[in-house]
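Engineer: sequence first, predicted coordinates after that:
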Amino acid sequence: MSTAPEPEPRTPKPALVFDDPLDQQSSDDTDRGWGERTESDSAADLKRFLDEKPPHHL
């Protein structure tokens, strides 16, 4: 007669979380948006304004 192989230990499955997802901060709340800058440099602002200004606004 043969003996059955011993079962391998199972890894636990991740637990289900039933928290309210709206209570948590999302990546949209924390990402820097387009055009947002942390520092204000007036010389850099003027250069950007002049570089991005359409030619008919000279």
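Structural biologist: Right, received. Where do you want to start?
Engineer: report all helices and strands that the lengthiest helix in the chain contacts.
Structural biologist: Longest helix of the chain, by residue count under DSSP state H: helix 42-52. Applying 3 or more CB pairs under 8 Å, 6 or more residues apart in numbering; DSSP states H and E, we find helix 42-52 packed against no helix or strand. Where you see a C-beta, it was placed from the backbone N, CA and C, and this is true even at glycine.
Engineer: now the helices for this structure?
Structural biologist: Using DSSP H, helices in the chain cover 27-30, 42-52.
Engineer: hey, which of those is tucked in deepest?
Structural biologist: Burial of the helices of the chain is given as mean neighbour count (mean count of other CB atoms under 10 Å); helix 42-52 ranks first at a mean of 9.
Engineer: which residues are in contact with residue 43?
Structural biologist: For residue 43, no contacting residues are found, by CB atoms under 8 Å, 6 or more residues apart in numbering.
Engineer: number of residues surrounding residue 6?
Structural biologist: For residue 6, the neighbour count with other CB atoms under 10 Å is 6.
Engineer: which regions of the chain lie under the pLDDT threshold?
Structural biologist: 1-2, 29-39, 57-58 (pLDDT under 70).
Engineer: now with 80, please.
Structural biologist: Low-confidence segments of the chain, defined by pLDDT under 80: 1-9, 25-41, 54-58.
Engineer: any idea which residue is closest to the centre of it?
Structural biologist: Taking CA atoms, centre = their mean, the centroid of the chain lies closest to residue 27, which sits 4.0 Å from it.
Engineer: CSV for the helices of the chain, including distance to residue 8?
Structural biologist: CSV is the format used below for the helices of the chain (distance: least, CB to CB, whole Å):
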stretch, distance to residue 8
helix 27-30, 38
helix 42-52, 61
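Engineer: got the contact list for residue 5?
Structural biologist: So residue 5 contacts nothing (CB under 8 Å, 6+ apart).
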